[in-house]
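**Student:** Pasting a predicted model and its sequence here:
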Amino acid sequence: MTIVGIDDTDSRTLGMCTTYLGAELAGLLRDAGATVERTLLVRLNPAVEHKTRGNAAVAVHCDIDPASAHEIVDEVLDRAATEDDQTSPGAVVADCSPDAVPKSVAEFAVDAVQTRHDLADARTLIAESGYRSATRAGGRGRIGALAAVGAWTAFEEWTYECISYRERERWGSERAVGHDSVFAAAENGYPAVWDTVDRVEETAVCVPRTPCPILHGIRGDDPDAVRSVAEQIESEAVASRHLFVTNQGTDAHLQAGRVANVQDGHSYRLTATVASAPETREGGHVFLELEDDERLQAAAFEPTKRFRDRVRALRPGDRITACGEVSDGTLKLEKFALRERVESERVTPDCPDCGRSMKSAGANAGYRCRDCATSAPEKVKRALERDIELGWYEVPPVARRHIAKPLVRGGFDGSTNPER
């Protein structure tokens, strides 16, 4: 078996798409007589600096000889968007079964999804493993390409995406996709197919807004289901379709952490106590502090839409498990689970005679009603009316990262409240 990895071929401004070139690579390998077993779409760390929005690398698993594979992928790199000086394509060819990559390469893949690598790390490991590589414009893409080579061994959980591509002459123009047909197809495929639309925001999440070759991408747990939903969508002509096996929707980027040891550029799942009341600031962003020995600011930013109301419903003293990326010392919330809920608060007592709120009688002197001369020794407990139940809450589909796991997929340690 041979694994061919490829990455960093697209541009935020000029378009192109690593998945598109990965699909073309798979086709060229077939044309050369290879049997393609699968094409992996591997989402890498969403918090790294050098990335386009999805930060995707691709690996093709096939049975062609490595020398021929190297020639073909080297030709494919000529199609990358290297006119953008931020694009730095790279490819790696490994002469081994996807199940038999060295432990060091599998560990490299995990780190590429959860932390970060320098190009020197990739170059060294490529040489040590005896792999071939091809580059353009510096070849930073060798990092993601090598991670894609090791991903099949590194990770156990996989989902699917069926991507439909546009005819080349339409690239960069407005997409013609039937809005109603997308929503109908999404309803037919749910819950096996997820994050196709956002029903509250009335947005077709599966249709990109960049100048890339993608018409729409349908994600889900079943390969036949994602193909079926893609075929139900009414749209402009589809030039081609390709099915990817992917780590999307798996939370592979999250690592266990504590408030005291988080680092920028990493994503965590950590449990802590809400230490401050949620505060809505300019722009509609909601901030609060979490505490577990030390304090950490967390935020639900405006693009997370209605998720902010879930965060606003939290109270100091609540115990939550929070998931998200840390950037500039702030945890950017992707989802959270309310574990323990504060049920009461201590308040100034009311006078039993007139019903008015008592006033402080002085330091350590309790409270007194000035009109009735009644007194109370301390604050009293009052039951809180809470509009949030224990369980998991998430950002809506319109704000979800590709790699983040939707609650509808299940497997969470508590009740869930999926967003649609």
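**Tutor:** Done, it's in.

**Student:** Isn't P303 up against R400?
**Tutor:** No - shown here, P303 and R400 do not form a contact pair, counting by CB atoms under 8 Å, at 10.4 Å. All C-beta spots, glycine's among them, are computed from the backbone N, C-alpha and C.

**Student:** more crowded one of the two?
**Tutor:** In this view P303 and R400 are compared by other CB atoms under 10 Å, and R400 has more residues nearby, 23 against 13.

**Student:** Quick check: closest non-adjacent residue to that one.
**Tutor:** In space, and not counting its chain neighbours, R400 is closest to D195: 5.9 Å by CB to CB, 6 or more residues apart in numbering.

**Student:** which residues does that neighbour contact?
**Tutor:** Residues near D195 by CB atoms under 8 Å, 6 or more residues apart in numbering: 205-206, 219, 249, 397, 400, 406.

**Student:** same thing but 10 Å
**Tutor:** Counting by CB atoms under 10 Å, 6 or more residues apart in numbering, D195 touches 161, 186, 205-206, 217-220, 248-249, 396-398, 400, 402, 404, 406, 408, 419-420.

**Student:** Okay, and which of these map to helices?
**Tutor:** Here DSSP state H is the test, and those give A186 as lying in helices.

**Student:** Which ones among the contacts of D195 map onto strands?
**Tutor:** Counting by DSSP state E, the part of these found in strands is 161, 217-220.

**Student:** my guess is A69 contacts G33, does it?
**Tutor:** No - with contact defined as CB atoms under 10 Å, A69 does not reach G33; the gap is 11.5 Å.

**Student:** who's more crowded, those two?
**Tutor:** Each of A69 and G33 has its neighbours counted (other CB under 10 Å); A69 has more, 26 against 11.

**Student:** and the residue lying closest to G265 once chain neighbours are set aside, what are its phi and psi?
**Tutor:** Nearest residue to G265, sequence neighbours excluded (CB to CB, 6+ apart): A47, at 4.8 Å. Note on A47: its backbone torsions stand at phi -100, psi 0 [degrees, to the nearest 10].

**Student:** and if you look at V60?
**Tutor:** According to degrees, to the nearest 10, V60 has phi -110, psi 130.

**Student:** give the contact list for it.
**Tutor:** 2-6, 22-23, 25-30, 34, 36-40, 69, 72-73, 93, 148.

**Student:** residues in contact with N188?
**Tutor:** Each residue near N188 by CB under 10 Å, 6+ apart is listed here: 196, 225, 228-229, 232.

**Student:** still on that earlier bit, out of the contacts of V60, which are inside helices?
**Tutor:** Judged by DSSP H, the subset of the contacts of V60 located in helices is 22-23, 25-30, 69, 72-73, 148.

**Student:** Now a PyMOL select for only the buried ones of those residues.
**Tutor:** Restricted to buried positions by 16 or more other CB atoms under 10 Å, the PyMOL selection for the ones in helices among the contacts of V60 reads:
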select buried, resi 22+23+25+26+28+29+69+72+73+148
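
**Student:** contacting residues for T246?
**Tutor:** Residues in contact with T246 (CB under 10 Å, 6+ apart) are 19, 39-43, 56, 58, 151, 158-161, 163, 217, 219, 402-403.

**Student:** Over to R295?
**Tutor:** Residues near R295 by CB under 10 Å, 6+ apart: 259-260, 272-273, 275-276, 289.

**Student:** That one and A277: what is the separation?
**Tutor:** R295 sits 14 Å away from A277, taking CB to CB, to the nearest Å as the criterion.

**Student:** any shared contact partners between those two?
**Tutor:** Residues touching both R295 and A277 (CB under 10 Å, 6+ apart) are E289.

**Student:** Give the closest residue to L40 in space, chain neighbours not counted.
**Tutor:** In space, and not counting its chain neighbours, L40 is closest to A59: 4.3 Å by CB to CB, 6+ apart.

**Student:** How about I163?
**Tutor:** Using CB to CB, 6+ apart and skipping residues adjacent in sequence, the residue nearest I163 is G217, 4.5 Å away.

**Student:** Wait, that neighbour touches Q248, no?
**Tutor:** Yes - G217 lies in contact with Q248 (CB under 10 Å); the separation is 9.3 Å.

**Student:** Now list whatever residues contact both of the two.
**Tutor:** Both G217 and Q248 are contacted by 41, 54, 161, 195, 402, under the criterion CB under 10 Å, 6+ apart.

**Student:** The first one - how many residues pack around it?
**Tutor:** The number of residues packed near L41 is 30, by other CB under 10 Å.

**Student:** what pairs with it across the strands?
**Tutor:** V58, T246 (DSSP bridges).

**Student:** So L290 is in contact with A260, correct?
**Tutor:** No - with contact defined as CB under 10 Å, L290 and A260 do not form a contacting pair (11.1 Å).
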